[in-house]
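A.B. asks: okay, predicted coordinates and the sequence, questions at the end:
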Amino acid sequence: MVQLLAADGSRTPHPELDAVLEQGALATPARLRGYYRDMVMIRAADLEATSLQRQGQLGLWASALGQEAAQIGAGHAAREQDYLVPTYREHGIAWARGIEPWRLLELYRGISHGGWDPNELRTHPYMIVLGAQAPHAVGYAMGLQRDGVVGTGDTATDTAVLALFGDGASSEGEVAESFTFAASFRTPVVFYTQNNQWAISVPTSVQSRVPLAQRSRGWGIPSVRVDGNDVLAVLGAVRSALDAARAGEGPRFIEAVTYRMAAHTTSDDASRYRPAAEEAEWAGKDPILRLRRHLEQLGEIDEAYVARCDEEAHDLAMQLHHHIHGMEDPDPVGMFAHAYAEPHPVVDAEREEYLQYIAQFEDEHEQAATDGQGQR
């Protein structure tokens, strides 16, 4: 497993990835401080979202607590023109691509279909069905080949796709089918799985008897296994893989080994299946603390900067709190307006049926109010 930063923050040289980081100016002190701030900010947003769900303000929340380096690193490794296809837990990816956290919370509140323009931000809307986004990513990558923006040698226009999914989704048939198409057509796609050790209550050791990184090799897709709690290892590995895909060298597969420190979602109780000793062990590998220790060893961070990041993170959490609490519920009839671009008789009939259905509750409410006045 490739690792550049140990849990204590010490740095291990890696000639190949060091060259990639240096060429892209991805590991300058200013960049490292920026990654630290990004991880602190997205963790604060994540924790606030969990709190909001407990208050009944969100229908559900899928936390990425502990996976900040795996996501911030991958998000910043992609070039501006690359297209990212996330699942439902890539909050750090969204942050790195300029998607505000409140847009994610609106999705989990059930009042938004995604809330951002995928063409503008080069990031696909969240995908809920496990593995379903992998074929979409390969199809998009095939389109890039036909558009002539792969392998031209122009780093400003050549484009690749980053397909993100978890260890559980890596067992899905759609992922295997995507490997087949990607390998057959040598598409410019990088498959990136965050192995957070648990597919809900099923450990990775049950899902696969060998490291997940080996799964793509039967298709002839080169792979690498990196420490997902090491933001530098992730940055270097993802940038290298995307550069190769962009240059026309075909698909790549990356397994980022990390840990889901929270439950699978807010409807899950991880204490029923996950040992406390394991959680304590991984807490010592915290990606944010690891990068902070490294910056301290470099003399590139001080308490004032740490405090400023913490203050900004708190402000972000409060902004999210007030934004979500202040939102009105949407008109449910509006869902019929987005089924088709043009009016459709079936949708019109369904809308009318729904209006009749909710009207009976309004009649009951009015009758109850009238009865109450009569009793007084």
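C.D. replies: Good, I have the coordinates. Numbers count the residues shown, from 1 in each chain.

A.B. asks: got the contact list for stretch 197-212?
C.D. replies: Contact with stretch 197-212 is made by 166-171, 193, 195, 215, 225, 255, 258-260, 264, 268, 270, 272-274, 278, 282, as judged by Cβ atoms under 8 Å, 6 or more residues apart in numbering. For every residue, glycine as well, the C-beta is placed using N, CA and C.

A.B. asks: go again using 7 Å as the cut-off
C.D. replies: In this structure, residues lying in contact with stretch 197-212 by Cβ atoms under 7 Å, 6 or more residues apart in numbering are 166-168, 170-171, 193, 195, 225, 255, 259-260, 264, 268, 273-274.

A.B. asks: can you pull out the strands in the stretch 101-250 of the chain?
C.D. replies: 161-166, 189-195, 198-199, 202-203, 223-227 (DSSP state E, counting those that start in this stretch).

A.B. asks: contacts for the helix or strand that contains G92, please.
C.D. replies: Assessed by DSSP states H and E, G92 sits inside helix 91-96. Under the criterion Cβ under 7 Å, 6+ apart, residues 38, 41-42, 45-46, 64, 67-68, 71-72, 74-76, 84, 86, 101, 104, 123, 164 lie in contact with helix 91-96.

A.B. asks: mean pLDDT, distance to G115 and mean neighbour count added to the strands of the stretch 101-250 of the chain, as CSV?
C.D. replies: Output for the strands of the stretch 101-250 of the chain, formatted as CSV (pLDDT from 0 to 100; distance: least, Cβ to Cβ, whole Å; neighbours: other Cβ atoms under 10 Å):
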stretch, mean pLDDT, distance to G115, mean neighbour count
strand 161-166, 98, 18, 28
strand 189-195, 98, 23, 29
strand 198-199, 95, 27, 22
strand 202-203, 94, 31, 13
strand 223-227, 98, 31, 22
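
A.B. asks: got those as a markdown table, with distance to A307 columns?
C.D. replies: Below are these laid out as a markdown table (distance: least, Cβ to Cβ, whole Å):
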| stretch | distance to A307 |
| --- | --- |
| strand 161-166 | 32 |
| strand 189-195 | 30 |
| strand 198-199 | 34 |
| strand 202-203 | 38 |
| strand 223-227 | 28 |
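
A.B. asks: looking at these, which is closest to L58?
C.D. replies: strand 161-166 (20.3 Å; Cβ to Cβ).

A.B. asks: in its sheet, which strands sit next to that closest one, and in what direction?
C.D. replies: Strand pairing for strand 161-166, using DSSP bridges, gives strand 83-85 (parallel), strand 189-195 (parallel).

A.B. asks: next, format those as TSV and append distance to M318.
C.D. replies: Shown next, in TSV, are the strands paired with strand 161-166 (distance: least, Cβ to Cβ, whole Å):
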stretch	distance to M318
strand 83-85	28
strand 189-195	29
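
A.B. asks: closest to Q360 out of the ones you listed?
C.D. replies: Closest among these, using Cβ to Cβ: strand 83-85, at 42.8 Å.

A.B. asks: gap between the closest one and the chain center?
C.D. replies: How far strand 83-85 lies from its chain's middle: 10 Å, per Cα atoms, centre = their mean, to the nearest Å.

A.B. asks: ok, residues contacting it?
C.D. replies: So strand 83-85 is in contact with 78, 93, 97, 122-124, 133, 136-137, 140, 159, 161-164, going by Cβ under 7 Å, 6+ apart.

A.B. asks: and the residue nearest to G151 when sequence neighbours are not counted, how far from D158?
C.D. replies: Spatially, and ignoring its direct neighbours in sequence, G151 is nearest to G248 (2.7 Å; Cβ to Cβ, 6 or more residues apart in numbering). According to Cβ to Cβ, to the nearest Å, G248 stands 8 Å off from D158.

A.B. asks: still on that earlier bit, taking the contacts of helix 91-96 one by one, which sit in helices?
C.D. replies: Within these, residues falling in helices by DSSP state H are 38, 41-42, 45-46, 68, 71-72, 74-76, 101, 104.

A.B. asks: adding neighbour count and pLDDT, write these out as JSON lines.
C.D. replies: Listed next are these as JSON lines, based on neighbours: other Cβ atoms under 10 Å; pLDDT from 0 to 100:
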{"residue": "D38", "neighbour count": "23", "pLDDT": "98"}
{"residue": "M41", "neighbour count": "22", "pLDDT": "98"}
{"residue": "I42", "neighbour count": "27", "pLDDT": "98"}
{"residue": "A45", "neighbour count": "25", "pLDDT": "98"}
{"residue": "D46", "neighbour count": "26", "pLDDT": "98"}
{"residue": "E68", "neighbour count": "30", "pLDDT": "98"}
{"residue": "Q71", "neighbour count": "31", "pLDDT": "98"}
{"residue": "I72", "neighbour count": "29", "pLDDT": "98"}
{"residue": "A74", "neighbour count": "31", "pLDDT": "98"}
{"residue": "G75", "neighbour count": "28", "pLDDT": "98"}
{"residue": "H76", "neighbour count": "23", "pLDDT": "98"}
{"residue": "P101", "neighbour count": "22", "pLDDT": "95"}
{"residue": "L104", "neighbour count": "27", "pLDDT": "94"}
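
A.B. asks: could those be laid out in JSON lines, adding distance to M318?
C.D. replies: Shown next, in JSON lines, are the ones in helices among the contacts of helix 91-96 (distance: Cβ to Cβ, whole Å):
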{"residue": "D38", "distance to M318": "19"}
{"residue": "M41", "distance to M318": "13"}
{"residue": "I42", "distance to M318": "15"}
{"residue": "A45", "distance to M318": "11"}
{"residue": "D46", "distance to M318": "15"}
{"residue": "E68", "distance to M318": "20"}
{"residue": "Q71", "distance to M318": "23"}
{"residue": "I72", "distance to M318": "22"}
{"residue": "A74", "distance to M318": "28"}
{"residue": "G75", "distance to M318": "24"}
{"residue": "H76", "distance to M318": "26"}
{"residue": "P101", "distance to M318": "12"}
{"residue": "L104", "distance to M318": "17"}
